Every structure is written in C-alpha cells, then in structure tokens.
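**Student:** Sequence and predicted structure below; questions after.
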Amino acid sequence: MDNEPLEVAQARLVSVIIPTYNEEAALPFALKSVVKQTYPFIEVIVVDSHSSDKTKDIALGFDTKVIDYDGKLLGARCTGFKASIGDFILLLDADQILEEDAVARAMEAIKAYAMLIFEEGSYQPRTFIQKKLQEQRRFAHRNVESFHPTKTGLLPRFFRRAMVSKVFDVIPSELYSTVVAHDHLIIYHEASKISSNVGFLPHAVSHIEPDSIYGGAKA
C-alpha cells in the first residue's frame, strides 16, 4: 500500500464513531465538538452498550445514528464501522473534544497518509491531576521517535475506509465481546501491518479528565 498512489480527498463523508457506556456527563461535549466542525460532510454513529444513565437520550438529541450493542469496546468500534458509509473513519471516544477545524485539517493531511495520529491534550485543566495529565500528554506527543505501535502509546484516530475494512477483516471475531482496554492498540497493530504511512495532526483533540485520582466530575 505504501507504494500505491494515494487518492485525493475532496468533499467526502467522514464517519465519526463513538462507543459509549454511561457517558452522560462527557458525551454532550464530544457531540457538540463534532457539530461545530468546519468540515461539513460528517455522519455521527454512537454505539451504546446499554447505558443505565441518559447517554442514549443525549445521543438521540443530536443528529446521530444510535446503535445498541451487547459486546465490549472493540466490538462496538467494529459495529459502528459496519454501520457507517463514510470514505474516512474517525474513531472518537466519548470523553474527547475535537478542535473545530480538526476534521478539515485531517482531510487535507490524509492526502499524504494512510492514517493520522491526533495530538491530544487535556480539556481546560484546572486541578492538580488535570494539569499533570496535560503535561504527560504533551510530553508523549512531542517526544516520540517512531509511530510504530510497539514503540509508542500514540494511536491513529483518522483512517481511510479501506484501511479499517482490512483491519476488521483480520481481527478474530471472538475478541469483539471481550476486549476493552487495548481495543485501539489492536486496531493500530493490524493497520501497521498494512501500511507504515502514518501522519500526525497537531492540536486536534482534548480529553475531559477526572478532577482527581478518585474520579469525580469531568467537565
């Protein structure tokens, strides 16, 4: 794939896939950040694992497709992908907030790459733990020698559709109902076997962090 000419990305649909489980506090911020994108051609798919709070109601209040799902996080991402129709796929978490021009810049950057890592920060860090997490994120994103999945904790979020399709074709289906913590790393590991052509998009997304090491309100 590295030696193949890359298609030009022009006015194509981006599918934003967001897995959820009891994310009523954070999800409105994530969805509002998608709505405010300067790039106009976006669909949003929320894959909810039977939340017991108002997560699903919040998602339905936006212009989203909401899917109920019985499995774990890896399977939720796959389910969202299969329901999507976009030429490009953005794997977003429910506690992440996109910069307003992140998708527009990604559509320009992806012309030269197979997938993109989004630089991550902390959303409006105020408490001690939030500021420390911000420092850690900045260090991780600005002090990396390789984007290979075995050498970095940085993970691509923006992919060409063909790439994601090939990845989910080779991941064993039995993992969909069990994998949570390392779901995104598994996706990147399989993607890296197809292409090492990974780009980096600065100042792209922020995390809503816990107030303290004990958790608590996020935003």
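**Tutor:** The structure has been received and is ready for your questions.
**Student:** who touches the nearest residue to Q37 once chain neighbours are set aside in this structure?
**Tutor:** Once flanking residues are discounted, Q37 sits nearest to V103: 4.8 Å by CB to CB, 6 or more residues apart in numbering. Any C-beta I mention is one placed from the backbone N, CA and C, and that applies to glycine too. Shown in contact with V103 (CB atoms under 8 Å, 6 or more residues apart in numbering): 14, 37-39, 42, 90.
**Student:** do that again at 7 Å, thanks
**Tutor:** V103 sits next to 14, 37, 39, 42, 90 when contact means CB atoms under 7 Å, 6 or more residues apart in numbering.
**Student:** and of the residues you listed, the nearest to H184?
**Tutor:** L90 (12.4 Å; CB to CB).
**Student:** so where does that closest one fall, helix or strand?
**Tutor:** In this assignment (DSSP states H and E), L90 forms part of strand 88-91.
**Student:** One more: E190?
**Tutor:** Secondary structure from DSSP H and E places E190 in helix 183-194.
**Student:** what sits up against the following helix or strand past that helix?
**Tutor:** The helix or strand immediately downstream of helix 183-194 is strand 198-207, counting by DSSP H and E. For strand 198-207, the external contacting residues (CB under 7 Å, 6+ apart) are 95-99, 102, 105-106, 109, 112-113, 115-123, 147, 156.
**Student:** Please narrow the residues you listed to those residing in helices.
**Tutor:** In this view, the contacts of strand 198-207 that belong to helices under DSSP state H are 102, 105-106, 109.
**Student:** So which of those residues wins on neighbours?
**Tutor:** For the ones in helices among the contacts of strand 198-207, neighbours were counted using other CB atoms under 10 Å, and A102 has the most, 27 neighbours in all.
**Student:** Just to check, D183 is in contact with R77?
**Tutor:** Yes: using CB atoms under 7 Å, D183 is in contact with R77, at 6.3 Å.
**Student:** which residues of this protein fall in strands?
**Tutor:** Ranges of strands within the chain are 14-20, 42-48, 65-68, 88-91, 96-98, 115-122, 156-160, 198-207, based on DSSP state E.
**Student:** Can you give the strand pairings for the third one, parallel or anti for each?
**Tutor:** Sheet partners assigned to strand 65-68 using DSSP bridges are listed as strand 42-48 (parallel).
**Student:** okay, the angle between the strand it pairs with and helix 102-109?
**Tutor:** 120 degrees (axes from the mean of the first three to the mean of the last three CA atoms, to 10 degrees).
**Student:** Restrict strand 42-48 to CA atoms and write it as CSV.
**Tutor:** This file holds the C-alpha atoms of strand 42-48, laid out as CSV (Å, rounded to 0.1, in the frame of the first residue of the first chain):
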residue,chain,number,x,y,z
ILE,A,42,-19.9,14.3,8.6
GLU,A,43,-22.1,11.5,10.0
VAL,A,44,-22.0,10.5,13.6
ILE,A,45,-22.6,7.0,14.9
VAL,A,46,-23.0,6.3,18.6
VAL,A,47,-22.7,2.7,19.6
ASP,A,48,-24.1,2.3,23.1
